[in-house]
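Undergrad: got a predicted structure here, sequence first:
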Amino acid sequence: MPTTSDHTSKQFDAELEALRARVLQMGGQVEEQIKLALEALLSADLEACEKVERNDHLVNAFEVEIHEDVSTIIARRQPAAGDLRMLMTVVKTITDLERIGDEAAKIARMAKLIYSGDRLRAPRMVEVKRMSQIALGMLRKSLDAFARLDLASSADVVREDRTVDEEFRGVIRQLITFMMEDPRTISVSLELLFIAKAIERIGDHAKNISEYVIYMVKGKDVRHTTLEEIEKEVAS
């Protein structure tokens with residue numbers, strides 16, 4: 001016959017699972033924001049830019065609601081060990097997701113500037129597009145790692161952050177060349193630079209989420225450590 005303690009434990013497990021599901025819902029909303037912002041940038045869709053900016057409050061609402069849920073669970077359940085680590089991971093993850101949402105809104109704002117009024121045609125965006133695809137893939141993989149507690153995927157995301165950083169440096173070099181060759185491209189090049197920086201930050205936040213997953217599973221904070229140390233921790 002199940003005890004009161006068993007019943008309480010099952011309720012707690014259900015609360016934690018519901019919380020994880022909400023985080024993944026928020027991640028899905030953020031992913032949609034990024035995709036729409038990038039599509040707007042590449043297709044000069046000003047209406048899509050407006051939609052991204054309008055929907056930013058949805059991401060913010062997710063963060064507030066989930067944070068309140070975590071506070072309630074901590075107050076009622078007084079969790080310890082792995083459960084407490086999970087709740088701490090949730091709080092940190094939703095903070096990074098909210099900031100990714102901010103970067104998506106920034107991309108939309110910059111895209112509006114690029115295509116507004118009598119502007120020169122924007123420099124080609126092949127490099128920015130490639131960089132954005134890597135960063136978006138990192139976000140998807142980090143959310144999947146959170147859902148499945150997948151340490152190997154988490155390590156992959158940390159590794160891919162180096163690629164995004166390299167791509168970002170390549171975009172900077174390209175834009176500097178554009179501006180030196182034709183000063184009339186300075187304004188639009190600077191706007192593209194802000195977009196590339198926003199994409200690079202998205203990669204950073206996805207990396208953070210993956211590092212939180214490692215902390216949740218292994219109980220070790222791997223932030224500010226080398227990739228080699230993270231790979232060793234994941235393999236152990």
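TA: Received the coordinates, thanks.

Undergrad: at which residues are the helices of the protein located?
TA: In the chain, the segments counted as helices under DSSP state H are 4-43, 46-54, 56-77, 81-115, 126-148, 151-181, 186-218, 227-235.

Undergrad: looking at the ones you listed, which one has the lowest mean pLDDT?
TA: Lowest mean pLDDT within these: helix 227-235, at a mean of 81.

Undergrad: elements contacting it?
TA: Under the contact criterion of 3 or more Cβ pairs under 8 Å, 6 or more residues apart in numbering; DSSP states H and E, helix 227-235 touches helix 151-181, helix 186-218. Every residue, glycine included, has its C-beta placed from N, CA and C.

Undergrad: which of those sits most buried?
TA: Of all the helices and strands packed on helix 227-235, helix 186-218 carries the top mean neighbour count, a mean of 22, counting by mean count of other Cβ atoms under 10 Å.

Undergrad: now for that helix, which elements pack on it?
TA: Helix 186-218 is packed against helix 81-115, helix 126-148, helix 151-181, helix 227-235, with contacts defined by 3+ Cβ pairs under 8 Å, 6+ apart.

Undergrad: ok, which of these comes nearest V23?
TA: Among the helices and strands packed on helix 186-218, the nearest to V23 by Cβ to Cβ is helix 81-115 (5.7 Å).

Undergrad: contacts only, for the closest residue to L87 other than its chain neighbours.
TA: Once flanking residues are discounted, L87 sits nearest to V70: 5.3 Å by Cβ to Cβ, 6 or more residues apart in numbering. Residues near V70 by Cβ atoms under 8 Å, 6 or more residues apart in numbering: 19, 87, 90-91.

Undergrad: change it to 6 Å
TA: 87, 90-91 (Cβ atoms under 6 Å, 6 or more residues apart in numbering).

Undergrad: is it possible to export the helices and strands packed on helix 186-218 to JSON lines including distance to V188?
TA: JSON lines is the format used below for those (distance: least, Cβ to Cβ, whole Å):
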{"stretch": "helix 81-115", "distance to V188": "6"}
{"stretch": "helix 126-148", "distance to V188": "12"}
{"stretch": "helix 151-181", "distance to V188": "9"}
{"stretch": "helix 227-235", "distance to V188": "35"}
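
Undergrad: nearest to K220, of those helices?
TA: Of the helices and strands packed on helix 186-218, the one closest to K220 (Cβ to Cβ) turns out to be helix 227-235, at 6.0 Å.

Undergrad: what does the closest one contact?
TA: 151, 155, 158, 220, 222.

Undergrad: and that helix, how far out from the chain's middle?
TA: 22 Å (Cα atoms, centre = their mean, to the nearest Å).

Undergrad: next, the angle helix 186-218 makes with that helix.
TA: In terms of direction (axes from the mean of the first three to the mean of the last three Cα atoms, to 10 degrees), helix 227-235 departs from helix 186-218 by 40 degrees.

Undergrad: in helix 227-235, what counts as buried?
TA: Residues 230-231, 233-234 are the ones in helix 227-235 that count as buried (16 or more other Cβ atoms under 10 Å).

Undergrad: D56 is nearest to which of the helices and strands packed on helix 227-235?
TA: With Cβ to Cβ as the criterion, D56 lies closest to helix 186-218 of the helices and strands packed on helix 227-235, at 13.2 Å.

Undergrad: ok, the closest residue to E167 other than its chain neighbours - how many residues close by?
TA: Spatially, and ignoring its direct neighbours in sequence, E167 is nearest to M131 (4.0 Å; Cβ to Cβ, 6+ apart). Close neighbours of M131, defined as other Cβ atoms under 10 Å, add up to 25.

Undergrad: thanks a lot, see you next time.
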